[in-house]
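Engineer: A predicted structure for the sequence below; I have some questions about it.
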Amino acid sequence: NAGVTQTPKFRVLKTGQSMTLLCAQDMNHEYMYWYRQDPGMGLRLIHYSVGEGTTAKGEVPDGYNVSRLKKQNFLLGLESAAPSQTSVYFCASSYSRNTDTQYFGPGTRLTVL
Amino acid sequence: ILNVEQSPQSLHVQEGDSTNFTCSFPSSNFYALHWYRWETAKSPEALFVMTLNGDEKKKGRISATLNTKEGYSYLYIKGSQPEDSATYLCAFVTTSGTYKYIFGTGTRLKVLA
């Protein structure tokens, strides 16, 4: 099992460009999450999904959109990137919502110039 | 705003020393408390999940305790080794609101050989 994978690992964008980050999990988990991690701050939840076809806003959703068309994939989109979105993005998944462990991907380092 | 605080932010210990750090969280609406270990350039990995007041969990030289009434959890490492060097994250899960899984900012541990 690959667990949780993320593509790409690194990306540099110019302000205003768009991109999509892909998260894939092969553990048949219902719940998937996108976090961002910034220096001096904890992991902050951007959006999450409780199952195929569903998405919900987290703590810091502005400027991002997500889709969960297939159970195993969770996409994070930036329509018009801003320097404030420079961060490391982590995807995670879990079988259930509250007490189950979250399994994290390796992260995507995004720089917006 | 729900605050999850970890202390200290960072510490250095000598190989063989025992150490502990704290995760403080709101004492109301408690559902679960998770501990994760996060090595540099890797993704967070689960250590423990605790749900009951008085819970104690142990994995090798690492153990954790939980006090939900006063809102804290301790993580202990006995006989620290260089491979224990990592950031230790706690995550508080609350019953209030639609979804609240809140990470602390972590304690960065460096074990010196």
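Structural biologist: Perfect, thanks for sending it.
Engineer: so where's chain A uncertain?
Structural biologist: A:98-99 (pLDDT under 70).
Engineer: Against A:Thr111, how distant is the residue nearest to A:Leu78 when sequence neighbours are not counted?
Structural biologist: Closest residue to A:Leu78 apart from its sequence neighbours, by Cβ to Cβ, 6 or more residues apart in numbering or on different chains: A:Met19 at 5.5 Å. Where you see a C-beta, it was placed from the backbone N, CA and C, and this is true even at glycine. From A:Met19 over to A:Thr111 the distance is 11 Å, taken as Cβ to Cβ, to the nearest Å.
Engineer: Give me the common contacts of these two.
Structural biologist: A:11, A:13 (Cβ atoms under 8 Å, 6 or more residues apart in numbering or on different chains).
Engineer: So between those two, which is more surrounded?
Structural biologist: Taking other Cβ atoms under 10 Å in any protein chain shown, A:Met19 and A:Thr111 do not tie; A:Met19 has more neighbours (16 against 13).
Engineer: for chain B, where's the lowest mean pLDDT among helices and strands?
Structural biologist: Across the helices and strands of chain B, mean confidence by mean pLDDT, DSSP states H and E is lowest for strand B:101-103: a mean of 86.
Engineer: which other helices and strands contact the helix or strand following that strand?
Structural biologist: Next helix or strand after strand B:101-103 toward the C-terminus (DSSP states H and E): strand B:107-112. Secondary-structure packing of strand B:107-112 (3 or more Cβ pairs under 8 Å, 6 or more residues apart in numbering or on different chains; DSSP states H and E): strand B:10-14, strand B:19-24, strand B:86-94.
Engineer: Show me what the last one is packed against.
Structural biologist: If I follow you right, that is strand B:86-94. strand B:5-7, strand B:19-24, strand B:30-38, strand B:72-77, strand B:101-103, strand B:107-112.
Engineer: Now do that strand against strand B:10-14, angle only.
Structural biologist: For strand B:86-94 against strand B:10-14, the angle by axes from the mean of the first three to the mean of the last three Cα atoms, to 10 degrees is 130 degrees.
Engineer: Just the CA trace of strand B:86-94, in PDB.
Structural biologist: C-alpha atoms of strand B:86-94 as PDB (Å, rounded to 0.1, in the frame of the first residue of the first chain):
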ATOM      1  CA  ALA B  86      11.300  15.400  16.000                       C
ATOM      2  CA  THR B  87       8.400  17.700  16.500                       C
ATOM      3  CA  TYR B  88       5.700  16.300  18.700                       C
ATOM      4  CA  LEU B  89       2.200  17.500  17.900                       C
ATOM      5  CA  CYS B  90      -1.000  17.100  19.800                       C
ATOM      6  CA  ALA B  91      -4.500  17.500  18.200                       C
ATOM      7  CA  PHE B  92      -7.600  18.200  20.200                       C
ATOM      8  CA  VAL B  93     -10.900  16.900  19.000                       C
ATOM      9  CA  THR B  94     -14.000  18.700  20.300                       C
END
